[in-house]
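**Q** Sharing a model prediction with you, sequence too.
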Amino acid sequence: MMPDEGKLRQSLGTKGHGDKVEIPVPTTQPTANSSKQIKKSNLRRTVLLSLVLLVGYVYLSRMGLTGGTFVQDYLGMESLLHGNSGQGHGHRHGHGHKHFLTGKAKEKVFLQVPNEDSCIEASTLYTKAPHRAGSTGDLDTAKDFLAHLQRELGIEPPSEAPIFPAGSPESQDAIWSIVRPPKWHPHPLHHGHGRQDKPRAWIDIYYPVMNTPLERNLQALDDDGNVLWEADLTEHADETDSDAGKHADAVPTFHGYSRGGDVSGKLIYANYGLKEDYDDLIEKGVNFTDAIVLVRYGGNFRGLKVKGAQELGAAGVLIYSDYRDDGAVTAENGYEIYPAGPARNPTSVQRGSVQFLSMYPGDPTTPGKPSYENATRTEGENIPKIPSLPISAANAGKLMSLLHDSDSKWNGIVRLNNQVSTGVLPIWNTMAVIPGFIKDEVVVLGNHRDAWVLGGADPSSGTASISETIRGFGELLRKGWKPLRTIVIASWDAEEYGLIGSTEWGEDFAEFVDKYVVAYLNLDSSVSGSRFSAQASPLLAHLIQKTALDIPHPTKAKEGKTLWDARQDTGEYFGNKTAQEVSIDAEVVKLYNAQFANNDDLGVGVLGSGSDFTVFLQRLGVASMNQGFGSTLNDAVYHYHSVYDTQRWQELYADPGFFRHVAVAKYLGLVALRLADPIVLPLNTTHYSFELENYLDKVESLLSDSDQSPSLKIDLTPLRNSIHSLQAASLALDYEKLVAERELVKILKAIERKQKKWRRKWRKWRKKLGKAYCRWKKVFGKECHRHHSHEHHNKFEFEMDVDPAQKNTRLPNVPDLPSGGKPRIGRLPAWIHEQKEKEEDRIAKETMHGFVLHSEVRLHHHGDCFREHQMGCDAYSGDRGEVDGDAETEGRPRLPFAKLRKAIQRVRNVNKKLIAFERGFISTNGIPAREWYKHLGVAPGKWLGYGATTLPALTESITIEKNSTLAEYEVYRLKGLVDGIVENIRV
């Protein structure tokens, strides 16, 4: 045994070699001395780490990256300059894309979406059954369009269909919540956000008065009242076109808003029923009293043909389709009739409204006011007091042969019987909103959905095209795009009866449109022939041309041609003769060419009426456009408003392959994107101001025409001088536009350079501080979970935990508040004011955010300071001078956010001036004798309807009234408006 073995055994409590040794169980508890040592060590580490953090904080503070907390400050700067809003599809938690889609990249994504197969599918859906306004088929298409919006824009369908009566709180808030909180919502400001910020869609129901057909007869009578001949008023189709054959009797041939009546009278032929046609017959001594007037379609709106006859004392009107107006594509030129060939089917009939469109559009019984279900109504001053019927070329030919047959026993007496049911019917506008960063600048796109029967071209070609545009927007949203400006999409109803859906909506939301709508883009029929054309306010002319030049020609792209080149396309049907040999009626050629007579030097036409842009431009002063492919004199005959306007006709003759449909879809969407997303609105006031002088030149030429203005002497010099002042002011505004945008981009690029420098420093310190903080937490036995680099910095360990119950706290029954927090007792009024100021500040921040993202200055993404419960945006509110100021102090970077805010406000002011330009032509008193039309720059001609008259009140005081006193007054009114515009846009 070793010497110390016994002592060892004794210390372990053993007494001998054979005894068992009990070894004590190890313990983790330190001895008293070791515990003291550990505590001292922890204290030293804590003090050391605290000093490290303090030094780091002070260093970052001197760099200007602190405020409430340095992380929050950094996030505020980074997210504003470089962040995606995170509100696109798939990014609802703030995880945006590395690069926000802008410019060419965004346009490339959009242009890849519309395609021919999808467009054909949409067209087939909307043309499968009749959907006249107010019918069950019409409601079905409204729901179809709603479902398309929900599907493509990522809108979750609510449990109850969002169909709201016009005027209801839900209907009103659907639009007004774009710019203010919805009052009807129990928590109107969810998470502190004052407006709904996700795409949404719904249906509005208006209640206009409309008519439907009951009984119709057209007979030739002998002297005793016996029937010599009775017209067959039905369109006859066979199974060659199965849709036409199936639905030939679905919608009887009649006129919308025609007066019911049973009248007889002597037949008088009055050519197109233009004012000059009637005047010519009056000069020749023709008496229209109690006559039945036969006129052909074309030249002016059909309702004005009836109005002209009514004012001359006629008893009724018949309107027919004339083969002469079909140009070269006739049976006489060797073509078979539809459905066997491209020529007109002799039984085809053009239905349509006979409302007096140039007086006012919309529900005749609620002029200037929306047609709510309980609306107070008038008798209606813009509808006929005599009956009318549309008839086919075959029936008109029979009447003409009887009229000119010297051997006939017919004395020329015709019986016209038109029985209709007139009453209040519901119509359905389907609407959608894509919220932008800027809520108070809105771009509206619209297409009407109702058709007289199937509407292969009118309007379903347009509906198919806009459906593809919507698909493109949906793809952009899924990739994280959010427009700078808000976009509203409308599928109007009852356009065919008289622009009712759009007009009632415009009258309903006139204040909203006036305050917030930047532009309206209309699409009626996108394809009914081969020739592309566009009409617009001169403000949009350059945008229209430039965008069309960027879209390939739908059928001749390989030849290097563009959509703009399609304005020269002429069709391909010349019969069995050469183009030079084909005989086309000279009057037809003259009227066809007259469509383009008012085109500006760019090739953009002037807007008259006849589609849904009317209320926007000519009553509310919103720059508008309309475009599409129309029929030429060498295209397959377009059976307008007939049962033969079918899907088959579209696929076989109008647009085989649907290439034109898709070109229009791309064009419409691209124009919308180029209006919604640029920093400065692409509205050209200078082009408009010079076009205005061209309009005045036309008036001057009228004064020199003795036939138009015998002995009228009007001094136009004051008005011309005002226009020259407008041109000068506009040129100055052009310079301001250029400088304002350049200054903004310059500041953003300066921030980009600063950001790259300080971002490197921030990464270094964030890494060090993060490691130190984790060690600190481990000292106290807490785990430290580091986040991956792709996650948001505001999810790092520095964030504060918020009690979920406190997050959801709301103050009940306090409407229109930009925050859900509670005020201290006794200071509710002051608190409400404070919260509204905070909401205004939030709006300013979001607007700034949008401008930065759409500036195309490529910056990086590190979060979203606009998300709820974050405080990092204070750097942009002007609340903290140490960050907001531009002064550079020792150790602190120069952060020019005050300059940024000022530059953005400068751009905003420029945009307001651009928007105000078109509004400046709106006169409270409107145009004499048709005061609904307020725009004194352009309006539908009093006796044209479709066609436009520039400077309408002045022009018609000369050409129609021939009154020098009235003309001088109109010069005075126009001068006042132009002078007002000069002041509005003055820099």
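**A** Nice, I can see it. Numbers count the residues shown, from 1 in each chain.

**Q** biggest helix in this structure, by residue count?
**A** For the chain, the helix with the greatest residue count under DSSP state H is helix 717-779.

**Q** who are the neighbours of that helix, in terms of helices and strands?
**A** helix 32-62, helix 70-82, helix 685-703, helix 897-919, helix 964-985 (3 or more C-beta pairs under 8 Å, 6 or more residues apart in numbering; DSSP states H and E). Using the backbone N, CA and C atoms, a C-beta is placed for each residue, glycine as well.

**Q** Worst mean pLDDT among the ones you listed?
**A** Per-stretch mean pLDDT for the helices and strands packed on helix 717-779 is lowest at helix 70-82 (a mean of 37).

**Q** Quick check: Asp197 vs Asp173, distance?
**A** 15 Å (C-beta to C-beta, to the nearest Å).

**Q** mind listing what's buried in stretch 741-760?
**A** Buried residues in stretch 741-760, defined by neighbour count with 16 or more other C-beta atoms under 10 Å: 741, 743-744, 747-748, 750-752, 754-755, 758-759.

**Q** pLDDT weak spots in the stretch 751-900 of the chain?
**A** Residues of the stretch 751-900 of the chain meeting the criterion pLDDT under 70: 776-777, 779-782, 785-829, 831-845, 848-849, 856-895.

**Q** Under the pLDDT cut-off, which ranges of the chain? List them.
**A** Ranges of the chain meeting pLDDT under 70: 1-100, 182-195, 575-581, 706-710, 776-777, 779-782, 785-829, 831-845, 848-849, 856-895.

**Q** Where does the record place the domain boundaries for it?
**A** 104-208+431-574+601-631+641-676, 211-424, 689-734+910-985 (automatic domain parsing).

**Q** ok so, going back, a markdown table please, covering the buried residues of stretch 741-760 and showing distance to Ser465.
**A** A markdown table is the format used below for the buried residues of stretch 741-760 (distance: C-beta to C-beta, whole Å):
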| residue | distance to Ser465 |
| --- | --- |
| Glu741 | 32 |
| Glu743 | 39 |
| Leu744 | 35 |
| Ile747 | 40 |
| Leu748 | 36 |
| Ala750 | 43 |
| Ile751 | 41 |
| Glu752 | 39 |
| Lys754 | 46 |
| Gln755 | 42 |
| Trp758 | 48 |
| Arg759 | 45 |
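
**Q** still on that earlier bit, just tell me which of the domains of the chain ends up closest to Lys590.
**A** domain 211-424 (9.7 Å; C-beta to C-beta).

**Q** Could you give the separation of that closest one from the chain centroid?
**A** Domain 211-424 sits 35 Å away from the centroid of its parent chain (C-alpha atoms, centre = their mean, to the nearest Å).

**Q** And stretch 732-742, by the same measure?
**A** Offset of stretch 732-742 from its chain centre (C-alpha atoms, centre = their mean): 26 Å.

**Q** in that stretch, what's buried?
**A** 733, 736-737, 740-741.

**Q** will you turn those into CSV that also has distance to Ser704?
**A** Below are these laid out as CSV (distance: C-beta to C-beta, whole Å):
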residue, distance to Ser704
Leu733, 33
Glu736, 38
Lys737, 38
Ala740, 43
Glu741, 44
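
**Q** what's the most buried one of the domains of the chain?
**A** domain 104-208+431-574+601-631+641-676 (a mean of 22; mean count of other C-beta atoms under 10 Å).

**Q** And that domain, how far out from the chain middle?
**A** Distance, centroid of domain 104-208+431-574+601-631+641-676 to centroid of chain: 6 Å (C-alpha atoms, centre = their mean).

**Q** can you give me the helices for the stretch 301-450 of the chain?
**A** For the stretch 301-450 of the chain, the helices defined by DSSP state H, counting those that start in this stretch occupy 302-311, 393-404.

**Q** Give me the contact list for the shortest one.
**A** Surrounding helix 302-311, the residues in contact under the criterion C-beta atoms under 8 Å, 6 or more residues apart in numbering are 255, 257-258, 270, 272-275, 278, 288, 291, 293, 295, 317, 319, 350, 352-358, 384-386, 388, 390, 943-945.

**Q** do the longest one as well
**A** Helix 393-404 is contacted by residues 218, 220, 228-229, 231-233, 267, 269, 294, 296, 318, 320-323, 344, 346-348, 408, 410, 412, 414 when judged by C-beta under 8 Å, 6+ apart.

**Q** Tell me which other helices or strands whichever strand or helix holds Leu267 touches.
**A** Assigned by DSSP states H and E, Leu267 belongs to strand 261-269. Counting contacts by 3+ C-beta pairs under 8 Å, 6+ apart, strand 261-269 is packed against strand 292-296, strand 316-320, helix 393-404, strand 413-424.

**Q** Now tabulate the ones you listed in a markdown table and tack on distance to Ala129.
**A** Output for those, formatted as a markdown table (distance: least, C-beta to C-beta, whole Å):
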| stretch | distance to Ala129 |
| --- | --- |
| strand 292-296 | 31 |
| strand 316-320 | 27 |
| helix 393-404 | 27 |
| strand 413-424 | 21 |
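
**Q** Out of the ones you listed, flag the one nearest Arg720.
**A** strand 292-296 (39.6 Å).

**Q** Run through the neighbouring helices and strands of the closest one.
**A** With 3+ C-beta pairs under 8 Å, 6+ apart as the test, strand 292-296 has strand 261-269, helix 302-311, strand 316-320, helix 393-404 packed against it.
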